[in-house]
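A.B. asks: Sequence and computational prediction follow.
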Amino acid sequence: MSNNDFSALMPLMVLAGASVLVMLLIVARLSHRVIQLVSLLLFAIAFISLLNIREMLPYEVGTLFMIDSFGTFMTGLIIFSGLVVNVFSYIYFQEKEEGPREYYVLLFLCTLGACVLALSEHFVSVFLGLEILTIGLYALIAYLRTRNHSIEAGIKYLVLAAFSSAFLLFGMALVYLQTGTMSFAGMAGVVAADSVPPLLLTGLGLMLVGLGFKLAVVPFHMWTADVYQGAPVPVTAFIATASKGGVVAAMLRFFIAIDGFRSEQLQTVLITIAIASMVAGNLLALRQRNIKRLLAYSSIAHLGYLLVAFIPGSAVVPQTVSFYLLAYFITTFAAFGVVTILSDSESDADDLVRYKALFWKHPALATILSVAMFSLAGIPLTAGFTGKFYVLTTGIGQGLWLPAVVLVLSSVVGLYYYLRVVTTLFAGTRDLLPDPPARYPVFLGISMAVLSVLTFALIWLGVYPDGVIGVVQGLQLK
Amino acid sequence: MMLVLLITVLMVGAVAAAVAGEWNRHLPRWIALMASAAGLLLVILLWATTSPHSVTDRQWLMDYRKEWIPSFGITFHLAVDGLSLLLLALTFFLGVLAVLCSWDEIRERTGFYYFNLLWILAGVAGVFMALDMFLFYFFWEVMLIPMYFLIGIWGSENRVYAAYKFFIFTQASGLLMFLAILGLYFIHGRDTGVYTFGYFELAETVIPFQTAFWLMLGFMIAFAVKLPVFPFHTWLPDAHGEAPTAGSLILAGLLLKTGAYGMLRFVVPMFPEVVADVALPAMVLGVAGIIYGAVMAYSQTDLKRLVAFTSVSHMGFVITGIFALNELALQGVVMQLVTHALSTGALFLTAGMIKERLHTRDIEQMGGLWGPMPQMGTIGLVFAMASLGLPGLGNFVAEFLILLGVFQAQPWIAVAAVSGLIFSAVYSLRIVGKIFLGPRRTLEAVPDFSFREMLIMAALTVSVVWLGLFPQPVIDTAKPAITELIRFMDVHSTASHHQSYVKQ
């Protein structure tokens, strides 16, 4: 490896080193507070190290990694997610029975895995990244090991993720058999012929099953609600964002490299998955009274929306996907951030009943949650609307009218349950009981500051998105 | 710049009211009053400076354009012509009244209440000015959420259901419109290579008839739900009935008008051939609405629902008038928009005032209220008469013009529509008879108008009488816009006829 390779991979190395460093800090018996702040710093360093590699883009490291501007953007998004999750974690885990320190090691590893996925252009690195991410998540999901839901969620995720990895591997093997290479660039040369050979198609189909599980699109979505509900709230936020973001990035890179969109069958399958996810996600969310499950189904629908932007395979796809993921990440964090802050040592604040009259008790939190809900619903003035608009323009621009119409109609269904959350926030009246004093004022302050920034970003992206659109339009996929 | 100021004054006022509400319960209403009054003054100023009495040939009186999201060809483009100006004036006039009528009614969470109220007004004002399709949709949606809150938080018993229904109906139809806008955007972009949401550019787009039909349907459904056209009206009685008084006033006075405005501004100029094609079915729906609304109004016992159904009936005239597609009818439509806002608004206010006193909306429990409240009785009578179209009051001029225009286009439709006038007489008289005349049912002491209420009603009465006796200013102001519309229709239909012959 040359010096340049090292600096190009710096963000990944910082993340990997950080997990080791935090492990050492745990051995040194430092307090939760110190470890939390150090990890915050390390995330920030990883993020800053990303900014340093801007000049050398695009840069290929061996055959495993392609560090281009799209990958860097996604990596930035993922590291940012890790950072936000890290901020929310202190209050949440400080009160829990388990020692919270090892949690940060796992968080770094998962972030690393997702980043590797976003940058990889070779089956080996894709699989490595995926496994680093997934194995970390097994532990994270079941982290509160005395709780029934957590254990259930952990086991469920373990079994299904292992299962889907097997599908993915077999698919990769078939593709390798057909093409004789595992690097995306190599495949691009081999597959360039007009027809898609059946073996390759089978391989792609099996890979799609594996990736579909990670993305939780219908019909591979069964685990989502239970895992979302059982996992600790910050971990749920991580699953909803970073882990899916990494997979989407890898998938996009792969499909664009082999130009998988030209295959009629594959396109039909993707359209079917997208439509099924949008419809099923929104319908299943209708009856949920648990906000974590509700957000789980909503995430299924949102991945369906994202696929509508993904399928056309045109030149605008990377920017649309980037923008949509950015908007979706910010929104999801705003929502889960509120849930985290409201959770207490006994239970998560996941029952909708606990949100009743929140607006009159905590106007700031309720406003943030409402804005997040409106953004998920895609109402103007919020990032979610701009994102949906972007997706619709991309879809309709390539004549995908059917998914676009389904998107619109299913988001009308979605309105109902998002509105129900908002209605709950405003229902009832102020009770006169004084609030218990804030338990960790410093960390609460930091969390609130992050939430405010997220909310501001949400509205900024909804009102004046041009700057960010300019950035994502400049993204290159090599 | 003045146009931007119109919106900003409301938005800034809204935020100020919300913030002030944290400290003081009464401050928000003063802020809201000042913001809406300032807007009203601005509009009057605008009117005075731009249309010096005579008819101007220029359609657009004022224009403001700034890049917004250039990557998608979206501009922040506001402009007003006579039609917009009239509706803007109406917006701010009713805005001031809405603040005044909430003065004592709203006692809780006043900051957030006035925030929502002003925010709706900002959205409505934006809708009446936007000349970029994306911006238009943006404002179209901006007014929804605060209205949802207004109904859902400060409404009466069944408010949550009504709020949901309102929101989902309007949002669903709005999204269909958005799809149609995107379709238009791409067709235009592909034909010319210029991707833009600009109104004038998109209006020039040549669309194949079949596609045009679907696109028009997308727009039309959004506007038909908002207007509402029978059979898309079912959200309206619930929303109007459950909303607080100011909410009903704004719903009836302004939100419904955005539907009609959308048809006049977008549907007719953009899809002239399709409009000409569907004119007859649309007019039939309009007449159905006129009669259905009137019959339903007659059978209601809830005063606010009754008034809500009269709106359905009156809006039937609007849709019939729009699709008559001639100058007389369109002039009538504009008149109807203004006078309906005043008369129905006044009836909703009356219902609200009675409810404040008797704590019921059930007209079976009212009766004999003329005795203790002669002033309210008189005003109620005036507006019931306005609603049935008595000559001398504004609504008469409007409905007369519409009927004349419709008669030119489709005599039989006009004949059927006239029957609406008879029905409206029946229900209007029933309102007066049940509420103000007959034996008294309650023994509660009911005070007559307070000074504030008197002020509100006086303003409305003067306006509706003025419009009835001297409608010329309204007609003159709207004229350039309507002439342009008609000219556009004619040019386009002849041109397209030629085109289609050539193609064949």
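C.D. replies: Perfect, thanks for sending it. Small disclaimer: the values here were computed from a predicted structure and weren't measured.

A.B. asks: Doesn't B:Trp68 belong to a strand?
C.D. replies: Yes. Under DSSP: H, G, I helix; E, B strand; the rest coil, B:Trp68 sits within a strand.

A.B. asks: what number of residues lie near it?
C.D. replies: Neighbouring residues of B:Trp68 were enumerated by other CB atoms under 10 Å in any protein chain shown; the total is 20. In short, each C-beta sits where N, CA and C put it, glycine included.

A.B. asks: Quick check: it vs chain A, distance?
C.D. replies: 7 Å (CB to the nearest CB, to the nearest Å).

A.B. asks: Excluding chain neighbours, give the residue nearest to that residue in space.
C.D. replies: B:Phe76 (4.2 Å; CB to CB, 6 or more residues apart in numbering or on different chains).

A.B. asks: and the one you found, what are its bridge partners?
C.D. replies: Beta bridges link B:Phe76 to B:Lys66 when assigned by DSSP bridges.

A.B. asks: Isn't it up against B:Pro70?
C.D. replies: No. Between B:Phe76 and B:Pro70 there is no contact under CB atoms under 8 Å: 10.7 Å.

A.B. asks: In terms of neighbours, single out the busier of those two.
C.D. replies: Ranked by neighbour count (other CB under 10 Å), B:Phe76 and B:Pro70 place B:Phe76 first, with 17 against 12.

A.B. asks: Now do the same contact list for that one.
C.D. replies: B:64-68, B:132, B:135 (CB atoms under 8 Å, 6 or more residues apart in numbering or on different chains).

A.B. asks: now the strands for the stretch 101-250 of chain A?
C.D. replies: With strands called from DSSP state E, counting those that start in this stretch, the stretch 101-250 of chain A shows none.

A.B. asks: shaky segments in the chain?
C.D. replies: I'll assume chain A. Applying pLDDT under 70 to chain A flags the ranges A:1, A:97-98, A:192-194, A:429-438.

A.B. asks: actually chain B
C.D. replies: Residues of chain B that meet the cut-off, pLDDT under 70, sit at B:51-58, B:492-504.

A.B. asks: centroid residue for it?
C.D. replies: B:Lys257 (1.9 Å; CA atoms, centre = their mean).

A.B. asks: what residues are up against that residue?
C.D. replies: The contact partners of B:Lys257, by CB under 8 Å, 6+ apart, come to B:87, B:90, B:337, B:341.

A.B. asks: Could you identify the helix or strand that succeeds whatever helix or strand it lives in?
C.D. replies: In this structure, B:Lys257 sits in helix B:256-262 according to DSSP states H and E. Next helix or strand after helix B:256-262 toward the C-terminus (DSSP H and E): helix B:268-270.

A.B. asks: chain center to that following helix: distance?
C.D. replies: Its chain's C-alpha centre and that of helix B:268-270 lie 19 Å apart, by CA atoms, centre = their mean, to the nearest Å.

A.B. asks: Can you tell me how far the residue nearest to B:Trp68 is from chain A?
C.D. replies: 10 Å.

A.B. asks: what's the spacing between that residue and A:Ile379?
C.D. replies: For B:Phe76, the distance to A:Ile379 equals 19 Å [CB to CB, to the nearest Å].

A.B. asks: about what we covered before: quick one: the contacts of B:Lys257 as JSON lines, columns for distance to B:Leu236 too.
C.D. replies: Shown next, in JSON lines, are those (distance: CB to CB, whole Å):
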{"residue": "B:Leu87", "distance to B:Leu236": "19"}
{"residue": "B:Leu90", "distance to B:Leu236": "19"}
{"residue": "B:Leu337", "distance to B:Leu236": "16"}
{"residue": "B:Ala341", "distance to B:Leu236": "15"}
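
A.B. asks: Tell me which of these fall in helices.
C.D. replies: B:87, B:90, B:337, B:341 (DSSP state H).

A.B. asks: Neighbours of the second one, how many?
C.D. replies: The local packing of B:Leu90 (other CB under 10 Å) involves 22 other residues.

A.B. asks: same question, the third one
C.D. replies: Here the number of neighbours of B:Leu337 (other CB under 10 Å) works out to 27.

A.B. asks: for chain A, what are the nearby residues on chain B?
C.D. replies: For chain B, the contact set with chain A under CB under 8 Å from any CB of the partner chain comprises B:68-72, B:108-109, B:137-138, B:141-142, B:144-145, B:148-149, B:152-153, B:160, B:163-164, B:167-168, B:171-172, B:175-176, B:178-179, B:182-183, B:185-186.

A.B. asks: run the last query once more with 6 Å
C.D. replies: B:69, B:71, B:138, B:141, B:153, B:168, B:171-172, B:175, B:179, B:182, B:186 (CB under 6 Å from any CB of the partner chain).
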